[in-house]
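# What shape does this take:
(chains A, B, C and D)
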2 protein chains.
Amino acid sequence: MNAMGKTTNQRGRAVAEGLATAIHEHRLSPGMKLNEDEVGEIFGVSRTIVRSALQSLSHEHLVVIEPNRGAFVARPSLREAREVFEARALLEPRTAHSAATRATPEDIALLKRHIDEEHAAIDAGETGRALRLSGDFHIEIARIADQATIAAFIGQLVARSSLIIALYWRRRKATCESHAHHALLEALEAHDAERAEELMTSHLVDLVSLLDLTEPADAPSSLREALGAR
Amino acid sequence: MNAMGKTTNQRGRAVAEGLATAIHEHRLSPGMKLNEDEVGEIFGVSRTIVRSALQSLSHEHLVVIEPNRGAFVARPSLREAREVFEARALLEPRTAHSAATRATPEDIALLKRHIDEEHAAIDAGETGRALRLSGDFHIEIARIADQATIAAFIGQLVARSSLIIALYWRRRKATCESHAHHALLEALEAHDAERAEELMTSHLVDLVSLLDLTEPADAPSSLREALGAR
DNA sequence: GCGGCACAAATCGTATACAATCACGGCTAC
DNA sequence: GTAGCCGTGATTGTATACGATTTGTGCCGC
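Presented below is the predicted three-dimensional model:
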């Protein structure tokens, strides 16, 4: 998730990424409790490592740690949800602009493969994986823009978006945004920076429009489900 | 530092903030080694806590943890320095715009007090404290904009800017930016969002112009100084 | 005298043990 | 029958101990 070369904490990082991926793929739902012993046993590490991973994720707002109560998958509030997408609207269009001017043929090829994978996942009914790949597409664009700092922010926002989608998605239809990604790809390939910026803006608007950011997302029900689903 | 309600890790958070403040005030210089035992002894906590704090700071890019070597105060590269200010240029003007539309009389009063403190610190020759307050001014504006997510990003960028200033500041003259802060305050008070946005943009440009982002900041010399200064 | 190797000291990485806190159950009293 | 209390179990918070890795030093050979 973190774009920087954080070589530290080999194992802790692995656990954090494992959990993060599970969250991205909606296999861990918002509100779920993350028991330290249990997570440790699953990943074959000690609580020390798990603790480090959880704190790391807490710093990315994917996990909330309540003192003496434990770690839970975060449940972004309505307000937080709006803020995250406002931040994305501020960062990503400009980043797409930069990416369009810098994208190399290799970058384009990579993005193409990415979209193909996305389609394959959708066709295979792996909605979780499709969702994660969909997010990775945005992160990849940020990487192409060659702005590690902004890319890191976008990475975090995309990750949080996954939680927001889990909570506030209107209907259960699959990600219908692959067309938008394809259009973006074309703009990048043509080095049409203005168009890429506009496409990204409208893509994000579309995404938000698929969310229901008016009511506070049935708090208890989802929680019970999640806990019961273990 | 972190705008969110991170109630976790009471003590670890305290150590992290202690170290962060020291970094902001340039009492800890880039490259300095942060020995776990030593820090633990200073703050009266175990290595466990120190470790947690250091990892937290590493996540904010204020310290770099090299595997099996330890934690060091980060030394932002030239490239990273440019990126940080590009990110600020992307985030802060728009944030100042929002802040101008939302600022309450209380907010204005708070900012005024802030500027006064800043001046007082400068007059008293406490350049470290002045520098920190100068950064806090930007964070306060982000807070007024009422966008916690973006404010958190700006907070991190401001913190990193402190390290960048420590490394790349051209001459040793004190922060001459208080005038810019005053002008910003007036724009906010007048709810002149456009002007606030422009002022923030030019303020950041001015800031960068005071840095020397052309040469890679004498790496060894500064490091030796820092380590020797302990 | 200089380069390279081996050993020793220091420091980090991880696991484990213990203490503190919280959640849940049953119990009693009203 | 219900509300409140207390004990027990489970889970987190912190410290410490031990193993792994690195860095510095001294010795040996060249």
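# need the residues of chain A near DNA strand C, please.
With CB under 7 Å from any atom of the strand as the criterion, chain A comes near DNA strand C at residues A:8-12, A:45-49, A:67-69. Where C-beta positions appear, they are placed from N, C-alpha and C, glycine not excepted.
# out of the residues you listed, who's nearest residue B:163?
residue A:8 (18.2 Å; CB to CB).
# circling back: out of the residues of chain A next to DNA strand C, which end up buried?
Among the residues of chain A next to DNA strand C, those classed as buried by 16 or more other CB atoms under 10 Å in any protein chain shown are A:8, A:9, A:11, A:12, A:45, A:49.
# What segments of chain A are helices?
Defined through DSSP state H, the helices belonging to chain A, from first to last, are A:10-24, A:36-43, A:47-59, A:78-102, A:105-123, A:127-144, A:148-168, A:178-189, A:193-209, A:219-228.
# As a markdown table, the ones you listed with mean pLDDT would be great.
As requested, the helices of chain A are exported to a markdown table (pLDDT from 0 to 100):
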| stretch | mean pLDDT |
| --- | --- |
| helix A:10-24 | 95 |
| helix A:36-43 | 96 |
| helix A:47-59 | 97 |
| helix A:78-102 | 97 |
| helix A:105-123 | 93 |
| helix A:127-144 | 93 |
| helix A:148-168 | 96 |
| helix A:178-189 | 92 |
| helix A:193-209 | 95 |
| helix A:219-228 | 42 |
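# nearest to residue B:111, of those helices?
Between residue B:111 and those, the tightest spacing by CB to CB is seen for helix A:78-102, at 22.2 Å.
# The closest one packs against which elements?
Counting contacts by 3 or more CB pairs under 8 Å, 6 or more residues apart in numbering or on different chains; DSSP states H and E, the secondary-structure elements packed against helix A:78-102 are helix A:127-144, helix A:148-168, helix A:178-189, helix A:193-209, helix B:78-102, helix B:148-168.
# can you redo the ones you listed as TSV with mean neighbour count and distance to DNA strand D?
As requested, the helices and strands packed on helix A:78-102 are exported to TSV (neighbours: other CB atoms under 10 Å in any protein chain shown; distance: least, CB to the nearest atom of the strand, whole Å):
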stretch	mean neighbour count	distance to DNA strand D
helix A:127-144	21	24
helix A:148-168	23	19
helix A:178-189	18	38
helix A:193-209	18	33
helix B:78-102	21	22
helix B:148-168	23	21
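# Using TSV, lay out these together with distance to residue A:81.
Supplementary listing: the helices and strands packed on helix A:78-102 in TSV, determined by distance: least, CB to CB, whole Å:
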stretch	distance to residue A:81
helix A:127-144	15
helix A:148-168	4
helix A:178-189	20
helix A:193-209	9
helix B:78-102	18
helix B:148-168	10
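# Any idea which of the ones you listed gets closest to residue B:204?
helix B:78-102 (5.2 Å).
# thinking again about what came up before, farthest pair within the buried ones among the residues of chain A next to DNA strand C?
Using CB to CB, these reach their maximum pairwise distance at A:8 and A:45, which is 15.3 Å.
# if I look at residue A:115, how far off is residue A:141?
Separation of residue A:115 from residue A:141 (CB to CB, to the nearest Å): 12 Å.
# nope, residue A:42 is what I meant
Relative to residue A:141, residue A:42 is positioned 33 Å away (CB to CB).
# Chain B contacts on chain A?
A:2, A:4, A:6-10, A:52, A:55-56, A:58-59, A:61, A:65-67, A:80, A:83-84, A:86-87, A:90-91, A:94, A:147-150, A:153, A:157 (CB under 8 Å from any CB of the partner chain).
# How about the contacts made by residue A:47?
By CB atoms under 8 Å, 6 or more residues apart in numbering or on different chains, residue A:47 lies in contact with A:36, A:37, A:40.
# Quick check: the residue nearest the centre of chain A vs chain B, distance?
Central residue check for chain A by CA atoms, centre = their mean: the C-alpha nearest the mean position is that of residue A:159, 2.6 Å away. In this structure, residue A:159 lies at 13 Å from chain B, with CB to the nearest CB, to the nearest Å as the measure.
# what does residue A:210 give?
Noted for residue A:210: a distance of 20 Å to chain B, by CB to the nearest CB.
# before we move on, the earlier item: of all the helices and strands packed on helix A:78-102, which lies closest to residue B:124?
helix B:148-168 (19.1 Å).
# so does the closest one get close to chain A?
Yes: under the criterion of CB under 8 Å from any CB, chain A is reached by helix B:148-168 at B:148, B:149, B:150, B:153, B:157.
# Return the closest of those with respect to residue A:178.
Of all these, the one with the least separation from residue A:178 (CB to CB) is residue B:149, at 27.0 Å.
# Find me the pLDDT at the residue in chain A that DNA strand C sits nearest to, would you?
Of chain A, the residue with the smallest distance to DNA strand C, taken as CB to the nearest atom of the strand, is residue A:46 at 2.8 Å. Here, the pLDDT recorded for residue A:46 equals 96.
# Excluding covalently adjacent residues, which one is nearest to it?
Counting by CB to CB, 6 or more residues apart in numbering or on different chains, residue A:40 is the residue found nearest to residue A:46 once chain neighbours are left out, at 6.0 Å.
# quick one: the one you found and residue A:54 touch, right?
No: in this structure, residue A:40 sits apart from residue A:54 without contact. The criterion is CB atoms under 8 Å, and the distance is 10.4 Å.
# check contacts around residue A:26.
Remark: with contacts taken as CB under 8 Å, 6+ apart, residue A:26 is in contact with A:127, A:128, A:131, A:162, A:166.
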